[in-house]
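Undergrad: Next comes the sequence, and after it the predicted model I'd like to discuss.
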Amino acid sequence: MRFPERVTICEVGTRDGFQIEPDFIPTERKIEVVDLLSEAGVPRIEVTSFVHPKAVPQLRDAEQVMAHIRRRPGTLYAALVPNDKGASRAVDAGVDRIHTVVSASESHNLANVNMTIDESLAKLEAVMTIAERARVPVGCGISTSFGCPFEGDVPLAQLERVVGRLVGMGARAIGLADTTGMANPRQVGRVLDHLMPRFPGIEWTLHTHDTRAMAIPNILAAIERGVTNFDASIGGLGGCPFAPGASGNVCSEDLVHCLSAMDVATGIDLDRLLATSRRVQDIVGRTLPGQIVKAGVWSRRYPLPDGVAARLPGPRA
Ligand code: COA
Ligand code: ZN
């Protein structure tokens with residue numbers, strides 16, 4: 001396997017993560033987490049979403065959060081939007097980047113955004129116009145790219161059609177999202193081998209959920225195909241409120257740890273990220289799925305048990 005020198009991680013914990021938290025997280029706590037992530041050197045943060053406050057009450061404070069975060073030069077602050085209304089709100093709030101959402105499966109798209117795929121794509125065309133006028137770059141995410149919790153298998157031709165429509169309306173960055181952790185590494189490879197040569201020049205992102213413990217293997221399969229953009233969530237928070245069985249994204253600090261152990265740079269300070277994860281656990285009031293917070297980094301050493309040191313053979317002459 002060949003490894004890139006560097007990958008770009010987009011932190012989605014304050015959006016994909018917080019959106020599914022049952023208790024309202026005070027606005028100041030959300031701002032604090034975004035600021036801690038910035039200070040850890042995270043290059044992209046999907047801060048929040050500009051959706052209907054009744055659909056996702058947890059993120060009803062999107063404007064306030066955007067207005068009060070401390071912006072670090074070198075970090076791009078993005079937000080998720082489902083339609084033109086969301087795009088206008090996001091532009092007014094001063095986002096650096098807009099992330100859009102449409103599903104590859106009709107049933108999830110209806111459950112998530114109350115539109116058919118074609119209705120969504122029409123709204124996203126309006127989003128592209130708003131973003132272009134405001135000179136804000138857009139990344140287009142496609143939910144249920146590798147499987148749908150209602151329909152099961154999502155035919156590759158259907159995914160390709162949605163990608164084609166987005167590229168046709170000017171998308172240059174496409175995110176393939178495994179919304180409920182159905183993808184496996186072989187499938188990720190097959191999908192990328194199919195799409196990448198058909199849509200040259202696209203910046204691909206893989207958005208994973210670790211629902212079935214396949215997120216990092218899936219990321220490795222995508223790295224092997226040359227993908228270098230990945231979404232991840234602090235502590236492994238995350239899940240779509242409109243996809244039954246959804247659970248957390250790949251855990252940011254576990255992914256950064258894995259990459260750094262393989263000498264792949266992310267520009268993120270792992271110690272600060274781990275401290276942020278502990279803080280997020282305090283805020284949400286429970287232990288999160290991340291492993292490195294519990295285990296420590298791979299190079300952690302323990303004291304020798306009694307009597308072992310004295311019996312260690314010396315170096316051979
Ligand atoms: N932000 C705030 N309000 C919005 C909005 C947005 N992005 N989009 C639409 N609205 C308002 C409209 O202005 C309208 O208000 P009015 O009744 O006062 O005139 C009302 O919502 C209904 O508009 P409509 O276009 O019919 O929306 P809808 O009720 O069909 O809902 C979505 C569609 C997309 C707005 C809603 O399903 C949604 O926000 N989904 C978010 C899903 C999500 O975040 N999933 C997890 C992430 S993948
Ligand atoms: Zn997600």
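TA: Received it, and whenever you're ready, just let me know what you need. Ligands and ions are numbered 1, 2, ... in the order given.
Undergrad: What parts of the stretch 151-300 of the chain come near ligand 1?
TA: Neighbours of ligand 1 within the stretch 151-300 of the chain, by CB under 6 Å from any ligand atom: 240, 242. Placement of C-beta: from N, CA and C, glycine included.
Undergrad: For the protein, which segments count as helices?
TA: 27-39, 62-68, 84-92, 106-113, 117-133, 156-168, 185-198, 215-224, 252-261, 270-284, 292-295, 308-311 (DSSP state H).
Undergrad: Ok, which of those comes nearest F18?
TA: Among those, the nearest to F18 by CB to CB is helix 27-39 (6.6 Å).
Undergrad: In contact with the residue nearest in space to the middle of the chain, which residues?
TA: Central residue of the chain (CA atoms, centre = their mean): D231, 2.7 Å from the mean position. By CB atoms under 8 Å, 6 or more residues apart in numbering, the contact list for D231 reads 9-12, 16, 46, 175, 177, 205-208, 249-250.
Undergrad: Tell me the confidence at the closest residue to R2 other than its chain neighbours?
TA: Spatial nearest neighbour of R2, excluding adjacent residues (CB to CB, 6 or more residues apart in numbering): E224 at 7.3 Å. For E224, the model assigns a pLDDT of 98.
Undergrad: most tightly surrounded among the helices of the chain?
TA: helix 252-261 (a mean of 23; mean count of other CB atoms under 10 Å).
Undergrad: what helices or strands is that helix leaning on?
TA: Applying 3 or more CB pairs under 8 Å, 6 or more residues apart in numbering; DSSP states H and E, we find helix 252-261 packed against strand 8-11, helix 215-224, strand 229-232, helix 270-284, helix 292-295.
Undergrad: Please state the offset of the first one from the chain centre?
TA: Averaged C-alpha coordinates place strand 8-11 at 7 Å from its chain's average position (CA atoms, centre = their mean, to the nearest Å).
Undergrad: List the neighbouring strands of that strand plus their orientation.
TA: strand 44-49 (parallel), strand 229-232 (parallel) (DSSP bridges).
Undergrad: and the shortest one, how far out from the chain's middle?
TA: Strand 229-232 has its C-alpha centroid displaced from the chain centroid by 5 Å (CA atoms, centre = their mean).
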